[in-house]
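**Q** Build the 3D model from these lines:
(chains A and B)
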Amino acid sequence: MEKILEIKNLSVIRKQKEKFVPVLNDINFSIEKDELFCLVGESGCGKTSLALSIMKLLPKSFTVKSGEIFVNGKNILAMDEQSIRSMRGREMSIIFQDPGAYLDPLFTIGVHMKEAFHGDTKQQQVLMTSALKEVGLEPYMLHSYPHQLSGGQQQRVMIAMALINKPSLVIADEPTTALDILTTYQIINLLDTIRKKYHPGMLFITHDLKLATKIGTRTGIMYNGYIVEIFIPGKTRPAHPYSSILMGTEYKYSRISEATLSWQSDICPFFEKCPERDSECEKQIAFTWYQDMTGIRCIKHGRNSQV
Amino acid sequence: MKRFFQRLRNHSKLAYFSFWFLVFFYIVSFFADILAPYHFDYQFRNKPYQPPTKIHFIDESGHFHIRPFVYNMIIDDPVFRTYREDQSTRYPVKFIVNGPERKIFFVFKTSKYLFGVDEPAGIFLFGTDTYGRDIFSRLLYGGRISLSISIVGVLISFTLGMITGGIAGYFGGLIDQILMRFVEILMVFPSFYLMLSLRAMFPLNLSSIQVYFLIVLILSLIGWAGLARIIRGMVLSIKEEDYVLAAKSLGLSHWRILFFHIFPNTFSYTITALTISVPGYIIGEAALSLLGLGIQEPYPSWGNILSSTIGNLKVVGDAPWLLLAGVFIFAVLINFNLLGDALRNVLDPKNW
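**A** Numbers count the residues shown, from 1 in each chain, chains lettered A, B, ... in the order given. Predicted coordinates:
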């Protein structure tokens, strides 16, 4: 399969009061065409930073320490501003969390769609209308202002804007967090329909593991800037202690101490909160890859079929 | 545009009135050449400080006349300049009269005015000044200068402030440091003395057009610095907004984002600030003219019409109509302020 997105050894640090804080550590994964890769993790674990570093939109205080990001085989991090700009919206696009804040309040939906559209201007009106219909909105909404739409409608507009140029990589950064449960499923269904129609590679970021296991073709679990596990929902069972906690199966979260994160790079990232930790875990633990493109960062719960 | 008026009227009847009042003032002073009965430097040597002419409908024998008429005023007492009406001849007010040719803004020629009376009588709605010139005509002509200086000056300082503040705030870093230090240097001078010293750099014997542009330039070069600083602050906060990030993710260029997303979001503030700063230009021009550094006689501006009263309380007491220029300035200022206050709400799409 052709790889839409490939991330190799990505590490990102953030400058905070003359100190450098790691944000992303040793991120390795790839997304293929027609794949829906879900990324799950708690707040502050680096999901959004990862999404923004793929778009090369990280805030100024963030620095990429090492690693490479390939989108459609092109190394994003080595590109200049001009060429990355021509890729944004055309080859890769992003759907944000709170749709209300991501639409400029002064402009109508039509103006937003026009800005998002990069292509033949003769077809513009037709394509804008069909893109709106595709996400289940009426064409008259082109003349509406963002505040006149509901949250679900705003998110549909964002999706229409992200997909109008048929990009090969779509990043959805918690697109349903600000929405109620029914609207959430409508949006999820919409994304699913669109994926079946255009077959983009999709990176779906969420903090709802149940949702991720339902829709994802593969699911990655992030903790503290590390990807601790990648598994295929329905096929492999998540084995990492943190995944188990997220699944709510084996441990109650109350058993986990509220220890401050020490940001030590030489031990297991989940060491301080892990209920199963012992002295063996106090060393750097590498990510173990298996043949079906899954893997785990734990020495206790590894499988035998290593690559 | 139609919806704009609708919204303005719904928001505030007073501001709606202010808007049309200002439009009326601008139109009237634009067409001063047609509306004014006399040219601004036309003198009635025998009628200094004549009080406003009374317009009559009924003559001394009690007959009613449909066409209004005036009487010639003659000086009764040359020492105290008291006038009396010479009721021997009636001078009917004529509409659309012919007279010497005038040029509207140096382009269109007209020799017809809206109204007038035959000489030796004169129709002075607001009286005359020390040279026997019609104050009403001079106010109309003066409004042309005072009102246009404010609009042109505001546009220049708005553009300068917007671009400087926008670039400094958006790109930050060294550009920001250089531009903002320059703005601060401009701001540390007390603006009135800066205005005077800038004016002092140029010779006094300039032609009236040169003086006009000089004043516009001086006033706008002083006015933009404060605006630039505020715009910079607004851009600093707006560029962190999520919709700017979203615009970047759509692959828009920096300039496009700055001009189409960041600047429009400052408009709710800047347009209000602009309408409120318009009075500053009118006052600035008036202050320069008052000190004799602005528009020079015989060219009228509201400032120098007002300045003819300076230092002579006796004249103000005897001919209070000379202060009407101040009333005009006041009326325009208060209407600009009312309009500016309302615009802030009217221009915000969330209130639509």
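
**Q** Can you read off the pLDDT for whichever residue of the stretch 151-300 of chain A sits closest to chain B?
**A** Taking Cβ to the nearest Cβ as the measure, the point where the stretch 151-300 of chain A comes nearest chain B is A:Met161, at 7.0 Å. Placement of C-beta: from N, CA and C, glycine included. You'll see A:Met161 listed with a pLDDT of 88.

**Q** Can you report how many residues lie near it?
**A** A count of neighbours around A:Met161, defined by other Cβ atoms under 10 Å in any protein chain shown, yields 28.

**Q** Enumerate every residue touching the closest residue to it other than its chain neighbours.
**A** Using Cβ to Cβ, 6 or more residues apart in numbering or on different chains and skipping the chain neighbours, the partner closest in space to A:Met161 is A:Ala116 (4.0 Å). Neighbouring residues of A:Ala116 by Cβ atoms under 8 Å, 6 or more residues apart in numbering or on different chains: A:Gly89, A:Met161, A:Ala162, A:Ile164, A:Asn165, B:Leu250.

**Q** Just want the most central residue of chain B.
**A** B:Leu147 (2.1 Å; Cα atoms, centre = their mean).

**Q** ok, it to B:Leu343 distance?
**A** Here the distance between B:Leu147 and B:Leu343 works out to 18 Å (Cβ to Cβ, to the nearest Å).

**Q** by contact count, what packs against the helix or strand hosting A:Gln155?
**A** Assessed by DSSP states H and E, A:Gln155 sits inside helix A:151-163. Applying 3 or more Cβ pairs under 8 Å, 6 or more residues apart in numbering or on different chains; DSSP states H and E, one finds that helix A:151-163 contacts strand A:92-95, helix A:109-116, helix A:124-134, helix A:181-198.

**Q** And the next helix or strand past the last one?
**A** For helix A:181-198, the following helix or strand on the C-terminal side (DSSP H and E) is strand A:201-206.

**Q** Centre of the chain to that following strand, how far?
**A** Taking the mean C-alpha point of strand A:201-206 and that of its whole chain, the gap between them comes to 4 Å (Cα atoms, centre = their mean, to the nearest Å).

**Q** which of the residues in the helix or strand following it are buried?
**A** Next helix or strand after strand A:201-206 toward the C-terminus (DSSP H and E): helix A:209-215. Within helix A:209-215, the residues scored as buried using 16 or more other Cβ atoms under 10 Å in any protein chain shown are A:Leu209, A:Leu211, A:Ala212, A:Thr213, A:Ile215.

**Q** Quick check, pLDDT for the last one.
**A** Confidence at A:Ile215, expressed as pLDDT, is 85.

**Q** Wait, it touches A:Val40, no?
**A** No: A:Ile215 is not in contact with A:Val40 according to Cβ atoms under 8 Å; the separation is 11.5 Å.

**Q** list the buried ones in the longest helix seen in chain B?
**A** Scanning chain B for the longest helix, with DSSP state H as the assignment, gives helix B:135-171. Applying a neighbour-count criterion of 16+ other Cβ under 10 Å, one finds B:135-150, B:152-154, B:156-158, B:160-170 buried in helix B:135-171.

**Q** filter the residues you listed down to the ones near chain A?
**A** Of the residues in these, proximity to chain A by Cβ under 8 Å from any Cβ of the partner chain holds for none.

**Q** can you list the residues of chain B near chain A?
**A** Residues of chain B lying close to chain A (Cβ under 8 Å from any Cβ) are B:241-243, B:245-253, B:256, B:260-261, B:264-265, B:267, B:349-350, B:352.

**Q** Write the PyMOL selection for whichever of these are buried.
**A** Here is the PyMOL command that selects only those of those that count as buried (16+ other Cβ under 10 Å):
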select buried, chain B and resi 241+242+243+245+246+247+248+249+250+251+252+260+261+264+265+267
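
**Q** Where helices are concerned, which of the residues of chain B next to chain A count?
**A** Using DSSP H, the residues of chain B next to chain A in helices are B:Asp242, B:Tyr243, B:Leu245, B:Ala246, B:Ala247, B:Lys248, B:Ser249, B:Arg256, B:Pro264, B:Asn265, B:Phe267.

**Q** List just the nearest of those to A:Leu132.
**A** B:Ala246 (17.5 Å; Cβ to Cβ).

**Q** In this model A:Pro99 seems to touch that closest one, though I could be wrong.
**A** No: checked against Cβ under 8 Å, the pair B:Ala246 and A:Pro99 is beyond contact range at 9.3 Å.

**Q** Give me the common contacts of these two.
**A** With contacts taken as Cβ under 8 Å, 6+ apart, B:Ala246 and A:Pro99 have A:Met158 as neighbours in common.

**Q** Where do the strands of chain B begin and end?
**A** In chain order, chain B shows strands spanning B:56-58, B:64-77, B:82-92, B:94-104, B:108-116, with DSSP state E as the criterion.

**Q** Please dump those strands into TSV; it should also carry mean pLDDT for every row.
**A** Supplementary listing: these in TSV, determined by pLDDT from 0 to 100:
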stretch	mean pLDDT
strand B:56-58	83
strand B:64-77	83
strand B:82-92	81
strand B:94-104	78
strand B:108-116	78
